[in-house]
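Q: sharing a model prediction with you, sequence too.
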Amino acid sequence: MRLSPASLSQRLAAPLAPLYVLFGDEPLTLMESADAIRAAARAQGFEARSLLVVTPTFRWSELFLASESLSLFGGKTFVDLRIPSGKPGREGAEALQRYAQALPAQTTTLISLPEIDWRTQKSAWFSALEKAGVVIECKQPAPAELPAWIRKRLAQQGQSAPPAALEFIAARVEGNLLAAHQEIQKLGLLYPARMLTLAEVEAAVLDVARFDIDDLKAAVADRQPARAARVLAGLRAVEAPPPLILWVLAQEARLRKDRAALLQAAKIDRIVKGVGEGDLWDEFLQLCLHLTRA
């Protein structure tokens, strides 16, 4: 069975299927669909979980061992199998066919793949997976569909925008949903929940300062403390919006799963909102230095 990503959330309200297969070229939709399946599994009592990532040295016997060993403890189990290359190889293809033909009881398995061509979709192993479970293809929307997608995302954070603003964002991100998602999050940080104007959207989406915010992101990602400090000073000089700076630094902290940096970002968030004490720009500097030296 095949489902669209849009219809997945409604189906997840029912008991989970024994097998889900995600594939496609759209990272954001892949990530959100996988997260939705995992969240549904937790909500439905799948307490035991096994994460398997297929690498060149991966042994396919681990897939069967994972479901069997977890089932020994009783209850529902969740197997999260990721195949980054999209190519299981001959041994993997045979193992996936056997697995699909005898799915373990009380177990839901999620298999994540990148974009695969039509020949692979017609292969015996993929056909076996599709016959046994639910397949969701996560692909980029057509250009004409992107403004409507952006409108729905804005509505989720209580905002709306005129058609011209939606078209502006769509043209800026060029079909990249992850980039569109980031721009929408930025709008949520900069403006309250209301109808946005075209001018506000243009000001937020375009470069906000002489020192581009991406320069700060790059300096932190490349672990260059001196450069990060210079860019931060430049952003302060031109009165760049603090919520936007915090958004960039918090994204890097979340990407690294740096608990100390996340706590620092939370402190800055309270200062920005006027409910915390401290020197805002000094706290920004400390966070930048932590991230560049971590």
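A: Great, that's in hand.
Q: contacts and neighbour counts: CA atoms only from here.
A: Will do.
Q: I'd say Gly158 and Ala193 touch.
A: Yes. Counting by CA atoms under 8 Å, Gly158 does reach Ala193; the two are 4.7 Å apart.
Q: more neighbours: these two, which one.
A: Ala193 (16 against 13; other CA atoms under 10 Å).
Q: Gln159 is in contact with that one, correct?
A: Yes. Using CA under 8 Å, Ala193 makes contact with Gln159 at a distance of 4.8 Å.
Q: measure Leu129 to Lys122 for me?
A: Distance, Leu129 to Lys122, by CA to CA, to the nearest Å: 11 Å.
Q: so those two - more neighbours on which side?
A: Using other CA under 10 Å, the more surrounded residue of Leu129 and Lys122 is Leu129, with 22 against 11.
Q: quick one: distance of the helix or strand where the more buried one lies to the chain centre.
A: Per DSSP states H and E: Leu129 is located in helix 124-132. Chain-centre distance of helix 124-132: 26 Å, with CA atoms, centre = their mean, to the nearest Å.
Q: next: stretch 218-230.
A: 24 Å.
Q: now tell me what touches that stretch from outside.
A: 216, 252, 285, 288-289, 291-293 (CA atoms under 8 Å, 6 or more residues apart in numbering).
Q: quick check: end-to-end length of it?
A: Distance between the two ends of stretch 218-230: 13 Å, counting by CA to CA.
Q: does Leu52 touch Arg82 like I think?
A: Yes. The pair Leu52 / Arg82 is scored as a contact, 6.2 Å apart, by CA under 8 Å.
Q: picking up where we left off before, overlap in contacts, Leu129 and Lys122.
A: By CA under 8 Å, 6+ apart, no residue touches both Leu129 and Lys122.
Q: related to what we said a few turns ago, show me what the helix holding Leu129 is packed up against.
A: strand 19-24, helix 89-101 (3 or more CA pairs under 8 Å, 6 or more residues apart in numbering; DSSP states H and E).
Q: export those to TSV and tack on mean pLDDT, mean neighbour count and distance to Gln264?
A: Putting these into TSV (pLDDT from 0 to 100; neighbours: other CA atoms under 10 Å; distance: least, CA to CA, whole Å) gives the following:
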stretch	mean pLDDT	mean neighbour count	distance to Gln264
strand 19-24	96	21	35
helix 89-101	95	16	44
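Q: packing partners for whichever strand or helix holds Ala41?
A: Take DSSP H and E as the rule and Ala41 turns out to sit in helix 27-43. Secondary structure elements in contact with helix 27-43, counted by 3+ CA pairs under 8 Å, 6+ apart, are helix 5-11, strand 19-24, helix 177-190.
Q: again, only this time at 6 Å
A: If contacts are counted by 3 or more CA pairs under 6 Å, 6 or more residues apart in numbering; DSSP states H and E, helix 27-43 sits against no helix or strand.
Q: run the chain-centre distance for it.
A: Counting by CA atoms, centre = their mean, helix 27-43 is centred 9 Å from the centre of its parent chain.
Q: neighbouring contacts of that helix?
A: 138, 178 (CA atoms under 6 Å, 6 or more residues apart in numbering).
Q: go through that helix and flag the buried ones.
A: Of the residues in helix 27-43, 27-30, 33-34, 37-38, 40-42 count as buried by neighbour count, 16 or more other CA atoms under 10 Å.
Q: quick check: domain ranges of the protein?
A: Here the domain parsing of the chain from automatic domain parsing is 2-138, 143-205, 213-293.
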